[in-house]
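> Return a 3D structure for these sequence lines:
(chains A, B, C and D)
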Number of protein chains: 2
Amino acid sequence: MNQNYDENAKIIKAISDPSRLKIIDILSCGERCACDILQHFDFTQPTLSHHMKVLMDSGIVDSKKDGQWSYYFLNSSKCNKLILFLMNLITETDECICKDKSKCECK
Amino acid sequence: MNQNYDENAKIIKAISDPSRLKIIDILSCGERCACDILQHFDFTQPTLSHHMKVLMDSGIVDSKKDGQWSYYFLNSSKCNKLILFLMNLITETDECICKDKSKCECK
DNA sequence: ACTATATATAGATGTATATCTATATGCGAG
DNA sequence: CTCGCATATAGATATACATCTATATATAGT
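The predicted model follows:
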């Protein structure tokens, strides 16, 4: 385990909100502009802008500008790395963080 | 996509903290008592107790009491379900939430 | 029964976050 | 250049959370 908990925690925190999970679900179908994403929610446009900023700051979503529209899309490399991180996290490996199991005081 | 964003967001939120990621890493090597987990951290025992409560409330960690010790272990079923949820989330499927792509106002 | 140890709970505090309204910025059409 | 639309930013507010100290509870050993 590479133990880069901080960076992965940041990505995981970014997707730890039901609305942002739904946004990712939407983006999994391909890139979308903000106005299109907003149609799926009840909150206001600035709130969506906030959520998109959180997702972009974590790196799991990228964007491109085309005229007055901003298009958002998943960063598939980051997505795949996150899945791999989680799969490694829950799988016991040789480089286990607590290989000093014998040190445990309670037996 | 089954769209149970709320329950999964709760689990994801539970693991969205660097310390709790490290706890999960530790538990991936097998069950551990609280005192053993605590040795890997700088914070106090009540803080660990708080983190374990968050992980237990989300269902991703279970515990059993043995004498004065509490042993914690990963709920592998929940772990696997979470990985599957995330893999489905980032993968475009037929039941895509926004199959009404044509409705998008910006083309 | 007394004491030491393991863990949980209560309450306080500072920080982060989700949301809103109001406003700014940037762009295309006329 | 001006207007309307898409998006971002600023600032406010209420809630959630990570952490601490102090204390309670439970268990084991003497």
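
> what's the host helix or strand of A:Lys65 in contact with?
Secondary structure from DSSP states H and E places A:Lys65 in strand A:61-66. Applying C-beta atoms under 8 Å, 6 or more residues apart in numbering or on different chains, the contact partners of strand A:61-66 are A:23-24, A:27, A:31, A:52, A:55-56, A:70-75. No exception for glycine: its C-beta is placed from N, CA and C like everyone else's.

> Filter the residues you listed down to the buried ones and express that as a PyMOL selection.
To isolate the buried subset of the contacts of strand A:61-66 in PyMOL, counting by 16 or more other C-beta atoms under 10 Å in any protein chain shown, use the following:
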select buried, chain A and resi 23+24+27+52+55+70+71+72+74+75
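
> what secondary structure does A:Gln73 sit in?
Slight slip there: residue A:73 is Phe, not Gln. Secondary structure for A:Phe73, judged by DSSP: H, G, I helix; E, B strand; the rest coil, is strand.

> who touches the helix or strand hosting A:Pro46?
Element membership for A:Pro46 (DSSP H and E) is helix A:45-58. Residues outside helix A:45-58 that contact it (C-beta under 8 Å, 6+ apart) are A:10-11, A:13-15, A:17, A:19-20, A:23-24, A:34, A:37-38, A:41, A:61-63, A:72, A:78.

> go again using 10 Å as the cut-off
Residues outside helix A:45-58 that contact it (C-beta atoms under 10 Å, 6 or more residues apart in numbering or on different chains): A:7-17, A:19-20, A:22-24, A:27, A:34-35, A:37-38, A:40-41, A:43-44, A:60-63, A:70, A:72, A:74-75, A:78, A:82.

> filter those down to the ones near DNA strand C?
A:13, A:16-17, A:19, A:43-44 (C-beta under 7 Å from any atom of the strand).

> how about A:Thr44, phi and psi?
A:Thr44 adopts backbone torsions of phi -80, psi 170, taken as degrees, to the nearest 10.

> what about it, how many neighbours?
Residue neighbour count, defined by other C-beta atoms under 10 Å in any protein chain shown, stands at 10 for A:Thr44.

> Hmm, A:Ala34 and it touching each other?
No - A:Thr44 is not in contact with A:Ala34 according to C-beta atoms under 10 Å; the separation is 11.9 Å.

> Can you show me the helices along chain A?
In chain A, the segments counted as helices under DSSP state H are A:5-14, A:18-27, A:34-38, A:45-58, A:76-89.

> Rebuild those as JSON lines, extending it with mean pLDDT.
Listed next are the helices of chain A as JSON lines, based on pLDDT from 0 to 100:
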{"stretch": "helix A:5-14", "mean pLDDT": "96"}
{"stretch": "helix A:18-27", "mean pLDDT": "96"}
{"stretch": "helix A:34-38", "mean pLDDT": "95"}
{"stretch": "helix A:45-58", "mean pLDDT": "97"}
{"stretch": "helix A:76-89", "mean pLDDT": "96"}
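
> most tightly surrounded among the ones you listed?
helix A:18-27 (a mean of 21; mean count of other C-beta atoms under 10 Å in any protein chain shown).

> Many thanks, I have nothing further to ask.
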